[in-house]
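Peer 1: Got a sequence here, can you build the structure:
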Amino acid sequence: MADGAGGSGSGAARPRVFVARVIPEDGLRPVLEACEARVWEDELPPPREELLRAIEGCAGVLTLLTDKVDDEFLDRAGPGLRVVSNYAVGFDNVDVAACTRRGVAVGNTPGVLTDTTADLAWALLMAAARRIPEGDRYVRGGRWKTWGPMLLLGPDVHGATIGIVGFGRIGQAVARRAAGFGMRILYHDLHRHDAAVEAEFAATFLPLEELLAQADFVSLHVNLTPETRHLMNAERLGWMKRDAVLVNTSRGPVVDPKALYEALRDGTIFAAALDVTDPEPIPADDPLLGLDNCLVVPHIASASRATRGRMASMAAANLIAGVRGERLPTPVNPEVYGRG
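Peer 2: Residues are numbered from 1 along each chain as shown. The predicted model follows:
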């Protein structure tokens, strides 16, 4: 763990902060310049006790999804903690209500990764449909002997029906890409969007059961809540077409992994492509990894240089504003500013 240097040289005490992982220079540099910062430099996240020791007496902490922010965390940080800046759009690792009760502002990085995540969802959809990872393994394994009319057949993407579950920014960005492939677009969300939104994306709202029964591809874009945990369970996977593909770039626990394994093994659905897993990271001996029709990548939906840099800048801006007692540019709990 490294201590940050830098600053203006004015002699004024700089606020103490902890940065729970090395982030791109776009965000790390301004933090090191504005704060007395300690940075966790290991590739793996800090173990819980190390994290709790590191945050003692800090005015701000820059966290990742791997860092659980709860009452224990807040107790150890102490009453001087002003801000928790999460380097992510999601914040299911943060007990936001507990932070609000203590007057701690919570920030995230919304909007910045919409198109990059939609690109990755689309890449997974295409790769699973056209069996690209299988084809690569087939060639590298020395099995490619000739062209064959039955070799590695998969479903067409163009002209197919896509069902988008969760029609927020990322879901709508996926719909824009689907339009380019001439796809019929179905969506399901907690609340139906107005006619203007539906017209913009040529999207039809359906109850989840009907969407799953009709879609050739199902792409998940929901937040992780008690209601969405294991949203895709054995029953709902059973509602899908046998030749359908499931794509998950939201949160791992949205899909029941045991039910997914059984659905893929038994041919209930054709394939799945996952950027997120439950647990995460997925163990090397997980049965899903033994299936040719399950593609898994290591939570890289936002992993473009430009997007990760913008996320770092936003997380840094939230952290620095918070330790200075200013309103966060992108607060999760703006109600904290209404406290007396």
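Peer 1: all helices for this structure, in order.
Peer 2: 25-34, 48-54, 71-77, 96-101, 114-129, 132-140, 169-180, 195-201, 208-214, 234-239, 257-266, 305-323 (DSSP state H).
Peer 1: Go through those and name the closest to residue 329.
Peer 2: helix 305-323 (5.1 Å; Cβ to Cβ). From N, CA and C alone the C-beta is placed, and that goes for glycine too.
Peer 1: Does anything pack onto the closest one? Which helices or strands?
Peer 2: helix 25-34, strand 60-63, strand 83-86, strand 105-107 (3 or more Cβ pairs under 8 Å, 6 or more residues apart in numbering; DSSP states H and E).
Peer 1: I'd like these as JSON lines, with distance to residue 269, mean neighbour count and mean pLDDT appended.
Peer 2: Shown next, in JSON lines, are the helices and strands packed on helix 305-323 (distance: least, Cβ to Cβ, whole Å; neighbours: other Cβ atoms under 10 Å; pLDDT from 0 to 100):
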{"stretch": "helix 25-34", "distance to residue 269": "40", "mean neighbour count": "19", "mean pLDDT": "98"}
{"stretch": "strand 60-63", "distance to residue 269": "35", "mean neighbour count": "30", "mean pLDDT": "98"}
{"stretch": "strand 83-86", "distance to residue 269": "33", "mean neighbour count": "30", "mean pLDDT": "98"}
{"stretch": "strand 105-107", "distance to residue 269": "37", "mean neighbour count": "27", "mean pLDDT": "98"}
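Peer 1: so which of these comes closest to residue 52?
Peer 2: Short answer: strand 60-63, nearest of these by Cβ to Cβ, at 10.8 Å.
Peer 1: Would you give the sheet partners of that closest one, along with the direction of each?
Peer 2: strand 16-19 (parallel), strand 83-86 (parallel) (DSSP bridges).
Peer 1: CA atoms only for the first one, dumped as CSV, please.
Peer 2: Extracted C-alpha coordinates of strand 16-19, given in CSV (Å, rounded to 0.1, in the frame of the first residue of the first chain):
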residue,chain,number,x,y,z
ARG,A,16,-6.9,11.8,4.5
VAL,A,17,-8.4,9.4,2.0
PHE,A,18,-8.0,5.7,1.2
VAL,A,19,-8.2,4.5,-2.4
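Peer 1: same question for it, mean pLDDT?
Peer 2: Strand 16-19 carries an average pLDDT of 98.
Peer 1: coming back round to it: ok, which of the helices of the chain comes nearest residue 16?
Peer 2: helix 305-323 (8.4 Å).
Peer 1: now the angle between helix 25-34 and the closest one, please.
Peer 2: On the basis of axes from the mean of the first three to the mean of the last three Cα atoms, to 10 degrees, helix 305-323 is oriented at 20 degrees to helix 25-34.
Peer 1: How far does helix 305-323 sit from its chain's centre?
Peer 2: 17 Å (Cα atoms, centre = their mean, to the nearest Å).
Peer 1: same question, stretch 190-203
Peer 2: That offset, for stretch 190-203, works out to 24 Å (Cα atoms, centre = their mean).
Peer 1: Which residues are in contact with residue 275?
Peer 2: For residue 275, the contact set (Cβ atoms under 8 Å, 6 or more residues apart in numbering) comprises 120-121, 124, 248-249, 297, 299-301.
Peer 1: Please repeat the previous calculation with a cut-off of 7 Å.
Peer 2: 120, 124, 248-249, 297, 299-301 (Cβ atoms under 7 Å, 6 or more residues apart in numbering).
Peer 1: could the strands paired with strand 60-63 be laid out in a markdown table, adding distance to residue 138?
Peer 2: Formatted as a markdown table, those follow (distance: least, Cβ to Cβ, whole Å):
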| stretch | distance to residue 138 |
| --- | --- |
| strand 16-19 | 43 |
| strand 83-86 | 41 |
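Peer 1: Quick one: closest of these to residue 197.
Peer 2: strand 83-86 (27.9 Å).
Peer 1: Spit out the contact partners of residue 85.
Peer 2: 60, 62, 107, 315, 318-319, 322.
Peer 1: since we're on the residue nearest to residue 126 when sequence neighbours are not counted, how many residues are nearby?
Peer 2: Excluding its sequence neighbours, the residue lying closest to residue 126 (Cβ to Cβ, 6 or more residues apart in numbering) is residue 157, at 6.2 Å. Here the number of neighbours of residue 157 (other Cβ atoms under 10 Å) works out to 19.
Peer 1: ok, now which ones touch residue 31?
Peer 2: Residue 31 neighbours (Cβ under 7 Å, 6+ apart): 17, 19, 37, 316, 319-320.
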